[in-house]
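> based on what follows, work out the 3D shape:
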Amino acid sequence: MSFSRSHRFSQEEVAAYERRRYRGIDQRLVDWREKKIIQRFLRLGSPGSAGRPLALDAPCGYGRFSRLILERGFELVSADFSPAMVERARAKGYESSFPIGIIVDMKAGLPFRESCFQLILCLRFFHHLHLPAERRVVLEELNRVCRDKLVISFYRLQPVHRLQRALRRLIRRSPTRISMLPLTVFRQEAEQAGFEVKEIRPLFRGIHAQCIALLQKKTEKEDG
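Predicted coordinates for the structure are as follows:
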């Protein structure tokens, strides 16, 4: 939500958003399903017993997935365009001795060294990027700071969900636009940025267009 807009949100707005966003039955199902898929992918990308490597949650929002990441043994860095969102996400790092938050604009780059995050979570942001050049910049930057795996959501071109959103805009006059990509385009863009697509899980097949993908950073040997 926050990366796609220039408004940075006050603490009161963040608190109201957290209370309301997943209150309805349909959104509770979305929240439940997203977390189930992410938990599966986090198990595949867990650090094991060798210390507590870094994970990046960007955009972190109000920290909806912070607990899931911390429970898998990662040290968490929460990043968002909104300072109030970052502050709320940091507050949820209750079990971590490393509750770092940072303000970033992903379209302008990430202030981290290369390959410093074993895991990156990038949820509910990619579908706000409507231009291929924007998506390329973001994917390449995520690849630069990623050492191992990226969990990222996108909206697959899906007629039923596209019609639902069109009807919803007529009723509610929502200004939000979502970029829906053919699966082949998403795969191609991910691979061109230096990732291998390991698995893609639809949120609700045939009904909802959102998908969550597990990407593996390619090694130099694989690239060669």
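> please tell me I have it right and Gly63 contacts Arg88.
Yes: Gly63 is within contact range of Arg88, at 5.9 Å (criterion: Cβ atoms under 8 Å). Using the backbone N, CA and C atoms, a C-beta is placed for each residue, glycine as well.
> for Lys35, which non-adjacent residue is closest in space?
Leu68 (6.4 Å; Cβ to Cβ, 6 or more residues apart in numbering).
> is the one you found in a helix, a strand, or coil?
Per DSSP: H, G, I helix; E, B strand; the rest coil, the local secondary structure of Leu68 is helix.
> once you drop chain neighbours, what's closest to Leu44?
Leu44's closest residue in space is Leu214 (Cβ to Cβ, 6+ apart), at 6.6 Å.
> partners of Ile200 in the sheet?
With DSSP bridges applied, Ile200 shows beta-bridge pairing to Ala213.
> Arg187 versus that one, what's the distance?
Look at Ile200 and Arg187: by Cβ to Cβ, to the nearest Å, they are 8 Å apart.
> so where is this structure shaky, pLDDT-wise?
Scanning the chain for pLDDT under 70 picks out 1-7, 45-51, 93-99, 159-176, 221-224.
> for the lengthiest helix in it, packing partners?
Counting residues, the longest helix found in the chain (DSSP state H) is helix 25-44. Under the contact criterion of 3 or more Cβ pairs under 8 Å, 6 or more residues apart in numbering; DSSP states H and E, helix 25-44 touches helix 66-71, strand 146-156, strand 195-202, strand 210-217.
> before we move on, back to that, can you report how many residues neighbour the residue nearest to Lys35?
Residues lying near Leu68 (other Cβ atoms under 10 Å) number 17.
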